[in-house]
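Enquirer: predicted model, plus sequence, below.
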Amino acid sequence: MTKVRVTSSTPGTENEPYDTAVFARKHGMSEKAAEVVLFANGPSRTACDAAARSFMEAVARRSKKQP
């Protein structure tokens, strides 16, 4: 997978990919998980943010089910 980097947070950056480390910190996930979410959801920050929320909710639900 290719790491993506964008350091700008200006309003015109919706379709510019996130920096993996910034995205991971924003959503409280590992950089590896962030890299997978970013790769799977393309450059749309809106789509990546939504996917990250869904991923983290699934992780939380799974951890509650385990004894």
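Expert: Yep, it's here.
Enquirer: next one: phi and psi at residue 56?
Expert: Taking degrees, to the nearest 10, you get phi -70, psi -30 for the backbone angles of residue 56.
Enquirer: and it, how many neighbours does it have?
Expert: By the measure other Cβ atoms under 10 Å, the count of residues near residue 56 is 15. C-beta: built from backbone N, CA, C; applies to glycine.
Enquirer: can you tell me the closest non-neighbouring residue to residue 30?
Expert: Leaving out its chain neighbours, the residue that sits closest to residue 30 by Cβ to Cβ, 6 or more residues apart in numbering is residue 24, at 6.3 Å.
Enquirer: from what I see, that neighbour and residue 34 are in contact.
Expert: Yes: between residue 24 and residue 34 there is a contact under Cβ atoms under 8 Å: 3.7 Å.
Enquirer: who has more neighbours out of these two?
Expert: Legend: neighbour count by other Cβ under 10 Å for residue 24 and residue 34, higher for residue 34 (24 against 20).
Enquirer: what's the distance between the more buried one and residue 49?
Expert: 11 Å (Cβ to Cβ, to the nearest Å).
Enquirer: shared neighbours of the two, anything?
Expert: Common contacts of residue 34 and residue 49 (Cβ atoms under 8 Å, 6 or more residues apart in numbering): residue 27.
Enquirer: ok, back up a step: distance of the residue nearest to residue 30 from residue 65?
Expert: On the measure of Cβ to Cβ, residue 24 and residue 65 end up 24 Å apart.
Enquirer: in the lowest-mean-pLDDT helix or strand in the chain, which residues are buried?
Expert: Lowest by mean pLDDT, DSSP states H and E among the helices and strands of the chain is helix 45-65, with a mean of 93. By 16 or more other Cβ atoms under 10 Å, the buried positions in helix 45-65 come out as 45, 47, 48, 49, 51, 52, 55.
Enquirer: sounds good, over and out.
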